[in-house]
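**Q** Show me how the following folds:
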Amino acid sequence: MLVTAVGTDTLWGEMMSSITKETVEPTPLQQRLERLTSSIGKIGVAVAVLVFTVLTARHFTGSTKDDQGKPLFNKSHVTFDALFSSLVVIFQQAVTIIVVAIPEGLPLAVTLTLAFSMKRMVKENALVRRLSACETMGSVYKPDNVSPPEITGSPTEKALLSWAVADLGMDADALKRSCKVLHVEAFNSDKKRSGVMIRDNATGGVVAHWKGAAEMVLANCSMYVDTDGAARQLGVEQRRNLEKVINDMAVGSLRCIAFAYKQLNSTTEQSKIDDDGLTLLGFVGLKDPCRPEVKAAIEACTKAGVAVKMVTGDNILTARAIAKECGIISSNDPSGIVIEGHEFRAMSPEQQLELVDRIRVMARSLPLDKLALVQRLKQKGHVVAVTGDGTNDAPALKEADVGLSMGVQGTEVAKESSDIIILDDNFDTVVTATRWGRCVYSNIQKFIQFQLTVNVAALVINFVSAITTGKMPLTTVQLLWVNLIMDTMGALALATDTPTKALMDRPPIGRTAPLISNAMWRNLAAQAAFQIAVLLALQYRGRDVFGTDEKSNGTMIFNAFVLCQVFNEFNAREIEKKNVFAGVLKNKMFLVIIAVTLVLQVVMVEVLTRFAGTKRLGLGQWGVCLAIAAVSWPIGWAVKFIPVPDRTLHDILTRRKSS
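**A** Have a look, this model is predicted:
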C-alpha cells in the first residue's frame, strides 16, 4: 500500500477542517441594522448637540424665561449653584434626546421576532439551530436542492434488497453466511462505485463484486453475462447497445445501477480490489418518485422569486429528467442550462461567475463542486440556502447563508453543519421556512417604520420648540416613557405577526437592498409630518384655542403624542396594504399590548402627575387627544394611494456618487 497523504492533507481531512473552522459572518439583516443604527445614532447626537447649544445660548442671553415671564439668567444675581443647576437641566434634556433617538429597541425587536418565529417553526417541522437563520431564509435567492440519495445510500440498498428478496427469492441471511468478506471499498464520489471482495466458504474461491453508476462500471467491463448465464466477450456493438440502455433509463428518470464481478486468484493476498477486466452481470433501474408536494413547493419557490438549483451525483440524463418532473427546469426557461460537475470544475472563477445564474442542474458533481457553486452565488450578491443530508454536503451547508439538513436521513455531521434541520425531510418545509423568514424581515421592517416615525416626530418637535421658546414640550420623564412605548411595547406588538400567503408573492430581498423601502419612507414621512404639524400647533396655539394653562397644554401635547403612537401601531401592521385591521383579532399579543399601553398612559396622566410632570385632563381634553390620534388612520390609508418608484433612495444616491 502506498500512502500519499494523511490527516488534514487528505480530501476528507480538508473537508472536515472546512467544517470545523469557525467563521463569524454577519447576516444581511445584521449588516443593514448596523448601518441604520449608526446613521440614526449620529443624527441623534447631532440634534442633541444643537439643542444643548441653543438652550445654553438662550439661557445665558436671558431669552429663556420662567412661568412668570422673568429671565432665568440674571447677570447681576448669578450664583455658581444656579448656573450649574441650569446647565445640568439643559444637559439632561440633550442626553434624553440621544436616548430617544438611538434605537436600542431594535435588538430587542429582532430577538423577539426571531424567538417567536423559531418557536412556531418547530411546530411546522423546521428546527432552527442558529437564531439568525430564521431571518436569512426570507432573503434566500437560490436554495440549492440536493438530488435523491446517493447510489449507495440507505434507501437504495433497501430498494435493491427488497427487490432481490421479493422478486428473485434470495435468502439474504443464508447468502451472508455462505461467504466471508475480505475487503470493502466504500463508495467514492469520484469513481461513483463501491466494491467488495468475498471468499466462498464452500469452494474457497475469491470474487470481487462492484456496483455503482452504470456508465462508470461498464467502462471497466470486458465481458458480459448473456441471458443463458454464459460469459461472453463485450464487443463494440454490444457496448453501444448497453450504453443505449443506460441512456434510455436515464431519460426515463431512472437511476441506472450496474453490477459486475471478477474471479480472483484465491491464493494471492490483495489489499486492493481489482476493478478492471470485469464481467457485467446486469443493470437495475431505480425510480425515485417525486413526492407530490415537491413540485408544488418548487412552484411556490419560483413564484416567490426563489430559483431552485439541483446538484446531484446522478447521470446528466437522469438529473435532467428528474428536474423536469419536479419543475426545476421547464420550456419557459430557455436560459437555464444543465451541466456536469467536471465542466463547472474546469472553468475559471470568472467563467463560473458568468454562468452561475443560468445553471439549473449540475449532474455528476463532487462535494467541492457544490461548495464552489455556493461561493460563486454569494459572490454575485445572492443569499444562498443549501439543503443536504450527507457528510459530503457539510462544507456547502457550512458555507451557505442558511444550511438546511434532513432530520430523518441526514447524518450527524450534516446536522451539526446546518442552521435549520428539516425534521420531516420534506421540501415543502423549506418553503415554510422561507415564508417564516420573510415574515421575520417584514415584522422588523414594521417596527423600524414605527420607531423612526416616533424618532423623527420627537426630535423635530423638541428641536423646533427649543430654538423658538427655549423649552422642550416633552419632559425628560415623558420622553423616556415614549421611549419605553416605542422600544419595548412596540417590539412586543409588532414582532408577533404570523406569515401570510402574500409574503410568497413578492420577490426576495437581495443582500444589498436597503432595509427601509420607498413605501416605508412614504408612510413614515406622512405620519411624522402630521404629528409634527399638529403637536407644534398645540405647542404654540393650544392655550388660546382650548383655554388651558401651560401645564395642561403640555399634558395634552404629551397625551396626544403617545396616543398617536398607539394608533400608528395599527398603521405599522401593513406597509403596503390599505386595510391595516386585517387579521388583527388573530394576534392576541398585539391587542394585549395596545390595551396595556392605553391603561398605563391613563395612569401616567391621571395618577402619576407629579412623577410624569402632568396635570389631570378633563373628558373634553381626552376627546381632543383621541381625535388627533385617530386622524392618523385616514392619513395612513390615503397616503398608500401615492405610488412610489421602484428605485430606492439608496440606489439613486449610490448612482450619483459613482457618476
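
**Q** dump the residue contacts of residue 40.
**A** Residues near residue 40 by Cβ atoms under 8 Å, 6 or more residues apart in numbering: 101-103, 452, 455. C-beta here means a position set from N, CA and C on the backbone, and glycine is covered the same way.

**Q** and what of residue 453?
**A** Shown in contact with residue 453 (Cβ under 8 Å, 6+ apart): 523-524, 527-528, 531, 565, 568, 572.

**Q** run the last query once more with 6 Å
**A** Counting by Cβ atoms under 6 Å, 6 or more residues apart in numbering, residue 453 touches 524, 527-528.

**Q** Need the pLDDT of it.
**A** Note for residue 453: predicted pLDDT of 92.

**Q** how near is it to residue 471?
**A** Distance, residue 453 to residue 471, using Cβ to Cβ, to the nearest Å: 23 Å.

**Q** Show me which of the contacts of residue 40 is closest to residue 646.
**A** Lowest distance from residue 646 to these (Cβ to Cβ) belongs to residue 452, with 21.5 Å.

**Q** Can you report how many residues neighbour the closest one?
**A** Neighbour count for residue 452, taken as other Cβ atoms under 10 Å: 22.

**Q** excluding its backbone neighbours, what's nearest it?
**A** Nearest residue to residue 452, sequence neighbours excluded (Cβ to Cβ, 6 or more residues apart in numbering): residue 524, at 5.4 Å.

**Q** so where does the one you found fall, helix or strand?
**A** With secondary structure defined by DSSP states H and E, residue 524 is part of helix 518-546.

**Q** And residue 240, by the same measure?
**A** For residue 240, the host element (DSSP H and E) is helix 236-251.

**Q** after whichever helix in the chain runs longest comes which helix or strand?
**A** Under DSSP state H, the helix in the chain containing the largest number of residues is helix 427-469. Toward the C-terminus, helix 427-469 is succeeded by helix 476-484 as the next helix or strand (DSSP H and E).

**Q** mind checking how far that following helix is from the chain centre?
**A** Relative to its chain's centre, helix 476-484 lies at 34 Å (Cα atoms, centre = their mean, to the nearest Å).

**Q** cool, stretch 293-312 as well?
**A** Chain-centre distance of stretch 293-312: 16 Å, with Cα atoms, centre = their mean.

**Q** what about it, how long is it end to end?
**A** The first and last residues of stretch 293-312 sit 20 Å apart, counting by Cα to Cα, to the nearest Å.

**Q** Stretch 262-282 now?
**A** Counting by Cα to Cα, you get 14 Å between the two ends of stretch 262-282.

**Q** now that stretch, how far from the chain's geometric center?
**A** Here the centre of stretch 262-282 is set off from its chain's centre by 51 Å, with Cα atoms, centre = their mean.

**Q** Give me the average confidence score over that stretch.
**A** 81.

**Q** circling back to that earlier point, relative to helix 427-469, how tilted is the very next helix or strand once past the helix holding residue 524?
**A** For helix 518-546, the following helix or strand on the C-terminal side (DSSP H and E) is helix 550-572. Calculated by axes from the mean of the first three to the mean of the last three Cα atoms, to 10 degrees, helix 550-572 forms an angle of 160 degrees with helix 427-469.

**Q** pull the CA atoms of helix 550-572 into CSV?
**A** Coordinates of each C-alpha in helix 550-572 appear next as CSV, following Å, rounded to 0.1, in the frame of the first residue of the first chain:
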residue,chain,number,x,y,z
GLU,A,550,-49.3,75.9,30.2
LYS,A,551,-49.2,72.7,32.3
SER,A,552,-52.5,71.4,30.9
ASN,A,553,-51.4,72.3,27.4
GLY,A,554,-48.1,70.4,27.9
THR,A,555,-50.0,67.4,29.2
MET,A,556,-52.3,67.5,26.1
ILE,A,557,-49.2,67.5,23.9
PHE,A,558,-47.7,64.6,25.7
ASN,A,559,-51.0,62.7,25.7
ALA,A,560,-51.8,63.3,22.1
PHE,A,561,-48.2,62.3,21.1
VAL,A,562,-48.4,59.0,22.9
LEU,A,563,-51.9,58.2,21.6
CYS,A,564,-50.7,59.0,18.1
GLN,A,565,-48.1,56.2,18.5
VAL,A,566,-50.8,53.8,19.8
PHE,A,567,-52.9,54.5,16.7
ASN,A,568,-49.9,54.4,14.4
GLU,A,569,-49.1,50.9,15.6
PHE,A,570,-52.1,49.7,13.7
ASN,A,571,-50.8,51.6,10.6
ALA,A,572,-47.4,49.9,11.0
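
**Q** ok, residues contacting it?
**A** Against helix 550-572 from outside (Cβ under 6 Å, 6+ apart): 446, 449-450, 454, 473-474, 478, 485, 493-494, 527, 531, 535, 538, 542-543, 580, 597, 601, 605, 614-615, 621, 625, 628-629, 632, 636.

**Q** which one among the contacts of residue 40 gets closest to residue 10?
**A** Closest approach to residue 10 among these (Cβ to Cβ): residue 103, at 49.4 Å.

**Q** So that closest one, which state does it fall into?
**A** The local conformation at residue 103, judged by DSSP: H, G, I helix; E, B strand; the rest coil, is coil.

**Q** hmm, back to that, for the helix holding residue 524, name the packing helices and strands.
**A** On a contact count with 3 or more Cβ pairs under 6 Å, 6 or more residues apart in numbering; DSSP states H and E, helix 518-546 meets helix 427-469, helix 550-572, helix 632-639.

**Q** can you redo those helices as a markdown table with distance to residue 32?
**A** A markdown table is the format used below for the helices and strands packed on helix 518-546 (distance: least, Cβ to Cβ, whole Å):
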| stretch | distance to residue 32 |
| --- | --- |
| helix 427-469 | 9 |
| helix 550-572 | 18 |
| helix 632-639 | 24 |
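
**Q** looking at the ones you listed, which is closest to residue 516?
**A** Evaluated over the helices and strands packed on helix 518-546, closeness to residue 516 peaks at helix 427-469, with 6.6 Å, by Cβ to Cβ.

**Q** what angle sits between that closest one and helix 476-484?
**A** Per the same axes, to 10 degrees, the angle that helix 427-469 makes with helix 476-484 is 160 degrees.

**Q** what's near enough to touch the residue nearest to residue 452?
**A** Contact partners of residue 524, counting by Cβ under 6 Å, 6+ apart, are 449, 452-453.
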